[in-house]
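> The following block contains a protein sequence and its predicted model.
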Amino acid sequence: MNIQFVLLVLGVNLQAVTAYRNGLVSGACSSMIPGHNGTNVSPLDPPYTVTSDVLNYTDGQVITVTLQGNDTGFKGFLLQARNGMGPVGTFTILGDNSQLLNCGTEGSAVSHNSSILKSTVVAQWNAPNSNNTDIRFRATFVQNFSVYWVGVESRLITYLASDSPNATVLPPNSTVLPPNSTVLPPNSTVLPPNSTVLPPNSTVLPPNSTVLPPNSTVLPPNSTILPPNSTVLPPNSTVLPPSSTVLPPNSTVLPPNSTVLPPNSTVLPPNSTVLPPSSTVSTTQTTVLSPATTKPNSSSSVSVAVCLLLLPLLTII
């Protein structure tokens, strides 16, 4: 009884190890989970990638698929192309570290053929000639018996119908734009949302600049900005100094050092004699003597009379 149990356990383990080493894992075509009893899928991020040389394809196209490992590599793998329903298309193996499997169709999957440590596996996928849809390449990586990852996928590979006009096959890592997108030329600047696009030949103002309203007058450098309600003088005007007195129209401007008379003053004619203060002005008739005229005295009168009497005698002589 005990011997039979031991032989049964050894047989099961031998079958699991043998399946792991030779890669004949057709029983895992649907789930892609290795039949490693007592183990679970690793919860860690996979250290492996699945890539393709294009991001879209047409009927009958051949796509190159690469499984890439890290420094630790992987011992086993299972690769398929899936469209959501199951494996599609067929593969062509490249190199001597892989083999084809039948997962519904001969050659519809690729797996390892030995437990030798691998870092890279390359295969070619052949698209069907009809009934194609978008696909992803999906792989299982086995690092060792108890450590493995299931469902490591490539980017979506978009199907382009063969009769689609101007169908373009994109290289890896290309970005597929939505309809009506604008393709910018090289070295273009992508503006953030809600940015304002200026028309050609626009002037970009520095930060904190003041935007003038339409029809504003731009003053030259070093201009003086007048306060509100200021009076703008015409050209060649004279700017008076502070505290100046503005004369009314038709005013007479006196020369420097002029004497300003008080109101109701009498203006004398030229060469008039100005009497000193406290002088008495006679109200009777006054004879104004001409200059050099003096009032005769008594002695002067006598002399004049004598001269008049002697004048005839001088004539006779």
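Arrived safely.
> Ala28: how many residues sit nearby?
For Ala28, the count of nearby residues is 18 (other Cβ atoms under 10 Å). Yep, even glycine has a C-beta here, placed from its N, CA and C like the rest.
> what's the answer for Ser202, then?
Ser202, neighbours per other Cβ under 10 Å, totals 9.
> And Phe141, by the same measure?
Neighbour count of Phe141, defined by other Cβ under 10 Å: 27.
> Then it would be within a strand, right?
Yes - counting by DSSP: H, G, I helix; E, B strand; the rest coil, one finds Phe141 located in a strand.
> Going along the chain, name the strands of this structure.
49-52, 56-57, 62-68, 76-82, 90-94, 98-102, 106-112, 120-126, 136-144, 147-153, 158-159 (DSSP state E).
> Mind listing what's buried along the fifth one?
To tie it back to what came earlier, the one meant is strand 90-94. Across strand 90-94, burial judged by 16 or more other Cβ atoms under 10 Å covers Thr90, Phe91, Ile93.
> between the strands of the chain, which gets nearest to Ser31?
Judged by Cβ to Cβ, the one of the strands of the chain that comes nearest to Ser31 is strand 147-153, at 7.8 Å.
> List the strands paired with that closest one, with their directions.
In the sheet, strand 147-153 lines up against strand 136-144 (antiparallel) (DSSP bridges).
> Just want the angle from the partner strand to strand 62-68.
30 degrees (axes from the mean of the first three to the mean of the last three Cα atoms, to 10 degrees).
> Contacts for strand 136-144, please.
Residues from elsewhere that reach strand 136-144, judged by Cβ atoms under 8 Å, 6 or more residues apart in numbering: 20, 28, 32-34, 42, 46, 48, 50, 52, 65, 67, 69, 72-82, 125, 148-157.
> what pLDDT does Trp125 get?
We note a pLDDT of 97 for Trp125 in this prediction.
> Going forward, the N-terminal residue is numbered 202.
Will do, 202 is the new start, and the previous item becomes Trp326.
> So what pairs up with it in the strands?
For Trp326, the beta-bridge partners are Ile264, Phe292 (DSSP bridges).
> Where does the prediction get shaky in the chain?
Residues of the chain meeting the criterion pLDDT under 70: 202-224, 227, 363-375, 377, 380-381, 481-503, 507-508, 513-518.
> Pick out the residue nearest the middle of it.
For the chain, Leu392 is the residue whose C-alpha lies nearest the centre (Cα atoms, centre = their mean; 6.6 Å).
> quick one: that one and Val398 touch, right?
Yes - Leu392 lies in contact with Val398 (Cβ atoms under 8 Å); the separation is 7.2 Å.
> next one: stretch 390-408 to chain centre, how far?
Counting by Cα atoms, centre = their mean, to the nearest Å, stretch 390-408 is centred 7 Å from the centre of its parent chain.
> Between the two ends of that stretch, how far is it?
Stretch 390-408 has its terminal residues 19 Å apart, counting by Cα to Cα, to the nearest Å.
> Over to stretch 452-468?
Using Cα to Cα, one end of stretch 452-468 lies 18 Å from the other.
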